[in-house]
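In: no sequence on this one, just coordinates:
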Ligand code: URA
């Protein structure tokens, strides 16, 4: 499994504002959106393209466009929705599928409550959006779901990750699947606390994006 930690001053600057408990929901949504676009730049480094012949005003040339089948962007509901627009802004012709997952706050186990995805993901590059890689339970379940449907290359984009989640992802995928799995994250934080929250983290990403329900 490949992990890329952004380590970029502009990303750290925006993450600091995002983490700050005084940041309100509208600002939090805007910052999350901006951060995804910056992270997506790295996450899509290996997105497949096909040659395309065009004419510039000066003459013919061969450029590229996104290959078929189109990449699939999969936000994990609910918090991943806050990352969708930032991602599709960068890849407007990508298709979007939805995976609703919830983690039990006591057992920290993830379960699926909604899916809206093509049945056959053969040959698809998938970009999973989940702001927080904490225990890894949700992301591992989501990635296994995509692998079972035939996805052949999966990149998870997370605003923050905990070392425990990265270790769980390695345990789940290293040497266990032929499907390349990557994580692109804004920062690798210190640890998880006893409630499964990332420290220092930013709190509950879904609540901070959309309020408490
Ligand atoms: N989910 C969140 O929203 N925040 C965390 O810190 C961990 C999981």
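Out: Here it is on my side, so go on. Since we're looking at a predicted model, the values are computed, not measured.
In: so what does the helix or strand hosting residue 115 touch, helix or strand wise?
Out: Taking DSSP states H and E as the definition, one finds residue 115 inside strand 110-116. The elements that strand 110-116 packs onto, with contact taken as 3 or more Cβ pairs under 8 Å, 6 or more residues apart in numbering; DSSP states H and E, are strand 98-103, helix 137-148. (Each C-beta comes from the backbone N, C-alpha and C, glycine too.)
In: Sheet partners, orientation included, of it?
Out: strand 98-103 (antiparallel) (DSSP bridges).
In: So is the partner strand next to the ligand?
Out: No: Strand 98-103 is not in contact with the ligand by Cβ under 6 Å from any ligand atom; minimum separation 7.4 Å.
In: what angle separates that strand from helix 137-148?
Out: In terms of direction (axes from the mean of the first three to the mean of the last three Cα atoms, to 10 degrees), strand 98-103 departs from helix 137-148 by 140 degrees.
In: How about the residues of the chain by the ligand?
Out: 79, 132, 134, 196-198, 201, 204-206.
In: hey, where'd the helices end up in this protein?
Out: 9-19, 25-43, 84-90, 137-148, 163-173, 205-210 (DSSP state H).
In: what comes up buried for the third one?
Out: Just to be clear, that refers to helix 84-90. For helix 84-90, a neighbour-count test (16 or more other Cβ atoms under 10 Å) marks 84, 86-88, 90 as buried.
In: what's the answer for the fifth one, then?
Out: Within helix 163-173, the residues that count as buried by 16+ other Cβ under 10 Å are 164-166, 168-170, 172-173.
In: can you check the shortest one too?
Out: Neighbour counts using 16+ other Cβ under 10 Å place 205-206, 208-209 of helix 205-210 among the buried residues.
In: if we can go back for a sec, ok, the buried residues of helix 163-173 vs residue 9, which is closest?
Out: residue 166 (22.4 Å; Cβ to Cβ).
In: what residues are up against that closest one?
Out: By Cβ atoms under 8 Å, 6 or more residues apart in numbering, the contact list for residue 166 reads 3, 133, 136, 183, 188.
In: Which ones among those lie within strands?
Out: In strands, judged by DSSP state E, the following of the contacts of residue 166 are found: 3, 133, 183, 188.
In: The closest residue to the first one other than its chain neighbours: what's it in contact with?
Out: Taking Cβ to Cβ, 6 or more residues apart in numbering as the measure, residue 3 lies nearest to residue 183, with 4.6 Å between them; neighbours along the chain are not counted. Listed by Cβ under 8 Å, 6+ apart, the contact set of residue 183 reads 1-4, 133, 155-156, 158, 161, 166, 169.
In: Of these, which is the nearest to the ligand?
Out: residue 133 (8.4 Å; Cβ to the nearest ligand atom).
In: Identify each buried residue in stretch 28-43, please.
Out: 28-29, 31-36, 38-40, 42-43.
In: now it: how far from the chain's centre is it?
Out: 10 Å (Cα atoms, centre = their mean, to the nearest Å).
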